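**Student:** below: sequence and its predicted model.
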Amino acid sequence: MGEKLGKKWEIRFHGRGGQGAVTASKILAEAAYLSGFEAQSIPFFGAERRGAPVMAFTRVSYEAIHERSQVYTPDYVIVLDPIILDAVDVFRGLKDGGSIVINTVKSPMDFQFEQGSLLVATVDATGIAIKNNLLVAGTPVVNMPMLGAFLKIFSHIELETLEEVVMKKFGKNGKANVAAVREAYESTVVEKVRGSGKPSTEDVRRKRAVTMPVSTPSPGVAGRTRFWRDFRPEVDYDVCSNCLSCWLHCPESAIQRVGSRIEIDYEFCKGCLVCSAVCPKKAIRVSREVVV
Amino acid sequence: MRISALPREEYLLPGNAACHGCASSMCLRTVLKALGKNTVLIVPASCTSVYQGMFPNSAIAVPVFNTAFASAAATASGIKASLLQQGIDANVVVWAGDGGTYDIGLQALSGAAERNEDIIYICYNNEMYSNTGIQRSGATPYGAWTTTTWSGKKEHRKDVAELMMSHEVPYVATASAGYLADLYQKVKKAKKMEGFRYIEILSPCPPGWRYPMEKTVEIGKLAVETGMWILYEYEEGHFRLTGVSKAIAEGRRKMKDIGEYLFAQGRFAHLSDGDVVKIREYVEDRWRKLVKMESDMHAASAKFYV
Ligand SMILES: Cc1ncc(C[n+]2csc(CCOP(=O)(O)OP(=O)(O)O)c2C)c(N)n1
Ligand code: SF4
Ligand code: SF4
Ligand code: SF4
């Protein structure tokens, strides 16, 4: 058991509203649970209209799972819809050396990504869904065959366990779904594919815009605040006793201690004149700012 | 303490969007110097969430989590728990206005205090909702003009610092922008303690209080010198006045007349003589109450140790 401690797999599903990504993540979690794991399924709460890109997440672990967040760096990605590849960066955050299962008629070698290498599995789940008559309102429902394909690269859950859960879940449609699961499992093509290994600058820029909005500390968030200044404080160093009162009170961090004396940063000083007001020596002269 | 003992490191970066002479930014700068790098700030909607700047930049050089108005103390509780889980020991500190503390965030604050969460909650009290253009809050004093109290507020303020003492949390302190070294020391002390710590800073606001921008420190001092704002610490059940308030209580300094504070600010310019009398009575009552609290405390501990 020792080596299994801390072992955990994070799986991210991509699909479009109505294709059953959320159901797939739940069924996978249930099958994992029945296989003796701790498991968790999380739907992505976005604008989940029919047809809009959606996500769902499953975590499978040997130990209790405390996270309640989305999966940002999955070990596995499952793509339910070939069309979504153009709209969403399904490779985002996928661990180097991780795996991706894609519903497509293409072959694994046709995919490009920036990870060093990935295990790429492809399956024509749409074709399998149509063949097994898994249609809702005319749309092929590919979620169960995609789980079948997933088990081809995820060996910790037995195909039979998954089939059991599917059977229970789908009642009279159980048989057709189980048939699709099995067919997908058998027809999935798996290959280790090398990627570029380095992100393009365009990708880096795009990613920064779509990941968590974390700001970076930087001076001048409100621009060059010198332009806010109507009055200009000026230190008369002959009078200044270097008591640091102005430094302590400047609301702008615009007075710096340079060596043993203070200096005003005129790039950002707003001219509030607090420094002049608190100077016990009256060493800070004030004049009208003349913008040049 | 000597000013030169304060760290040179700046965690509130220049060129932020606070108004000229803003006490909130002035105090945040001092507070961050006391807290240091190993700090996470939780900031609900307020002037701070605006003057810190917009994505992708931040004027605050420690991690800041911007949270919904009502939930600062709850968010901080969660962040602390999460850091603990990850084995990270950091100061988790709420920095909220009085709107987010006295009114909208009060239930989350009371809950976190009652659970004795291991966080520091700092309220910069500018006695109104500044960011949205000066509306009254539960902290607005009697008589003050705001855009929602045109002829002056008709009620006295409530007092959340006293409410925190009645929660019997490990540490409660009041401070003022007029005494930054005192603020620095109180934050330093709070930082060393465990459990729920509450610090409230009187933070004058030039546009809201209507006084000239350079007078922020002077107004912060006058508030204490006239008894309008009282400096104290409540530490593990012990209450004591501090700084100038203590000097006044001990007779080492004379209390200034309330008028000196009130009429230095445009928001009180319309007060009638009757209003001033009412405020003076309120201030004297509160003053007597807190001085008595301190002497009762001394009497009690004297009895205990005989
Ligand atoms: C739930 C909610 N209501 C209203 C607002 C609008 N709002 C943003 S800041 C603010 C005023 C905050 O006042 P205070 O907490 O006193 O901080 P200050 O602006 O004085 O710094 C208001 C009303 C909001 N962001 N969220
Ligand atoms: S005028 Fe204000 S911003 Fe400029 S240095 Fe003096 S205190 Fe700082
Ligand atoms: S407050 Fe006046 S005397 Fe003190 S350091 Fe500043 S300029 Fe010099
Ligand atoms: S309105 Fe008042 S509190 Fe807000 S940034 Fe301006 S001075 Fe500071």
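**Tutor:** Perfect, I can see it now. Residues are numbered from 1 along each chain as shown, chains lettered A, B, ... in the order given. Ligands and ions are numbered 1, 2, ... in the order given.

**Student:** let me see the ranges of the strands in chain B.
**Tutor:** Ranges of strands in chain B, per DSSP state E, are B:39-44, B:57-58, B:64-67, B:91-97, B:120-125, B:171-176, B:197-202, B:232-235, B:238-241.

**Student:** same question for the stretch 151-292 of chain A.
**Tutor:** Here the stretch 151-292 of chain A has its strands, by DSSP state E, counting those that start in this stretch, at A:189-194, A:216-217, A:231-235, A:255-258, A:261-264, A:284-288.

**Student:** what's near enough to touch A:Leu248?
**Tutor:** By Cβ atoms under 8 Å, 6 or more residues apart in numbering or on different chains, the contact set of A:Leu248 is A:278, B:3, B:6, B:30, B:180-181. In short, each C-beta sits where N, CA and C put it, glycine included.

**Student:** who's in contact with the residue lying closest to A:Val190 once chain neighbours are set aside?
**Tutor:** Nearest residue to A:Val190 in three dimensions, chain neighbours excluded: A:Ala121, at 4.6 Å (Cβ to Cβ, 6 or more residues apart in numbering or on different chains). By Cβ under 8 Å, 6+ apart, the residues touching A:Ala121 are A:99-102, A:108, A:149-150, A:152-153, A:188-191.

**Student:** nearest to ligand 2 among these?
**Tutor:** A:Ile100 (53.8 Å; Cβ to the nearest ligand atom).

**Student:** show me where pLDDT drops low in the stretch 51-200 of chain A?
**Tutor:** A:51-52, A:199-200 (pLDDT under 70).

**Student:** indicate the residue of it located nearest to ligand 4.
**Tutor:** A:Ser69 (33.2 Å).

**Student:** who's in contact with the closest residue to ligand 3 within chain B?
**Tutor:** Among the residues of chain B, B:Ile3 lies nearest to ligand 3; the distance is 8.9 Å by Cβ to the nearest ligand atom. Neighbour list for B:Ile3: A:243-245, A:247-248, B:181 [criterion: Cβ under 8 Å, 6+ apart].

**Student:** could you do B:Val160 as well?
**Tutor:** B:98, B:101-102, B:106, B:109, B:123, B:138-139, B:198, B:200.

**Student:** what's around the closest residue to B:Pro212 other than its chain neighbours, how many residues?
**Tutor:** In space, not counting the residues next to it along the chain, B:Pro212 is nearest to B:Pro206; the distance is 7.0 Å by Cβ to Cβ, 6+ apart. When counting by other Cβ atoms under 10 Å in any protein chain shown, one arrives at 22 neighbours for B:Pro206.

**Student:** same check on B:Phe69?
**Tutor:** Using other Cβ under 10 Å, B:Phe69 has 17 other residues around it.

**Student:** which stretches of the stretch 1-150 of chain A form helices?
**Tutor:** Along the stretch 1-150 of chain A, counting by DSSP state H, counting those that start in this stretch, helices occupy A:21-34, A:84-87, A:125-131, A:143-153.

**Student:** likewise chain B?
**Tutor:** Using DSSP state H, the helices of chain B run over B:23-35, B:47-51, B:72-85, B:98, B:106-114, B:160-166, B:180-192, B:206-209, B:216-225, B:243-249, B:258-262, B:273-305.

**Student:** can I get those helices in TSV with distance to ligand 3 and mean pLDDT?
**Tutor:** Listed next are these as TSV, based on distance: least, Cβ to the nearest ligand atom, whole Å; pLDDT from 0 to 100:
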stretch	distance to ligand 3	mean pLDDT
helix B:23-35	15	98
helix B:47-51	24	95
helix B:72-85	35	97
helix B:98	30	98
helix B:106-114	37	98
helix B:160-166	31	98
helix B:180-192	13	98
helix B:206-209	20	96
helix B:216-225	11	98
helix B:243-249	20	97
helix B:258-262	24	98
helix B:273-305	31	89
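
**Student:** redo those helices as a markdown table? Include distance to A:Lys26.
**Tutor:** Below are the helices of chain B laid out as a markdown table (distance: least, Cβ to Cβ, whole Å):
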| stretch | distance to A:Lys26 |
| --- | --- |
| helix B:23-35 | 44 |
| helix B:47-51 | 37 |
| helix B:72-85 | 26 |
| helix B:98 | 46 |
| helix B:106-114 | 33 |
| helix B:160-166 | 45 |
| helix B:180-192 | 45 |
| helix B:206-209 | 52 |
| helix B:216-225 | 57 |
| helix B:243-249 | 61 |
| helix B:258-262 | 63 |
| helix B:273-305 | 58 |
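
**Student:** if I pick whichever residue of chain B sits closest to chain A, what's in contact with it?
**Tutor:** Closest approach of chain B to chain A (Cβ to the nearest Cβ) occurs at B:Gly53, with a separation of 2.6 Å. Contact partners of B:Gly53, counting by Cβ under 8 Å, 6+ apart, are A:215, A:218, A:221-222, B:16-17, B:59.
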